[in-house]
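Q: Just need the structure, nothing else, for what follows:
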Amino acid sequence: MAVPERRVAHLVEFSDLLADGVGFVRRRVLAGVLFEVFELSIYVAGAIQTTPVAAGMLVVLYSLYGRMPKSPEGGGGS
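A: From the prediction side, this is the model:
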């Protein structure tokens, strides 16, 4: 008896949930909704989820390094 693909995906995600905790839940909500509600494959759902994650990383990088402080005028080095 073959195990349906959806069932296998749920078992894999559940084992990752136990291993990673709450952080896993927050990262996997969008992929889970796309997988369950819109019935996309888990791979397509993960690829779509990558876009907001990458945008969030860019926001963090910009907030850390994007606005470099300007040196005070006339504060020359000596």
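Q: what about Gly66, how many neighbours?
A: Neighbours of Gly66 under the rule other CB atoms under 10 Å: 9. (Glycine included, C-beta is placed from N, CA and C.)
Q: Can you tell me how far it is from Leu58?
A: 9 Å (CB to CB, to the nearest Å).
Q: Now do the shared contacts for these two.
A: By CB atoms under 8 Å, 6 or more residues apart in numbering, Gly66 and Leu58 have no common neighbours.
Q: The helix or strand hosting Val59 - contacts with which helices or strands?
A: Using DSSP states H and E, Val59 falls within helix 42-65. Applying 3 or more CB pairs under 8 Å, 6 or more residues apart in numbering; DSSP states H and E, we find helix 42-65 packed against helix 22-36.
Q: low pLDDT regions in this structure?
A: Applying pLDDT under 70 to the chain flags residues 1-27, 68, 71-72, 74-78.
Q: Swap in 90 and give it another go.
A: Applying pLDDT under 90 to the chain flags residues 1-35, 38, 40, 65-78.
Q: For the helix holding Val59, buried residues please.
A: For helix 42-65, the neighbour count (16 or more other CB atoms under 10 Å) marks Ile42, Ala45, Gly46, Gln49 as buried.
Q: so what's the closest residue to the third one other than its chain neighbours up against?
A: Once its chain neighbours are removed from consideration, Gly46 has its nearest residue in Ala31; the separation is 5.2 Å (CB to CB, 6 or more residues apart in numbering). Under the criterion of CB under 8 Å, 6+ apart, the neighbours of Ala31 are Ile42, Ala45, Gly46, Ile48, Gln49.
Q: From the residues you listed, pick the one nearest Glu36.
A: Proximity of the contacts of Ala31 to Glu36 (CB to CB) peaks at Ala45, which lies at 9.0 Å.
Q: nearest spatial neighbour of that closest one, skipping sequence neighbours?
A: Ala45's closest residue in space is Leu34 (CB to CB, 6+ apart), at 3.7 Å.
Q: quick one: that neighbour and Val44 touch, right?
A: Yes - Leu34 is within contact range of Val44, at 7.5 Å (criterion: CB atoms under 8 Å).
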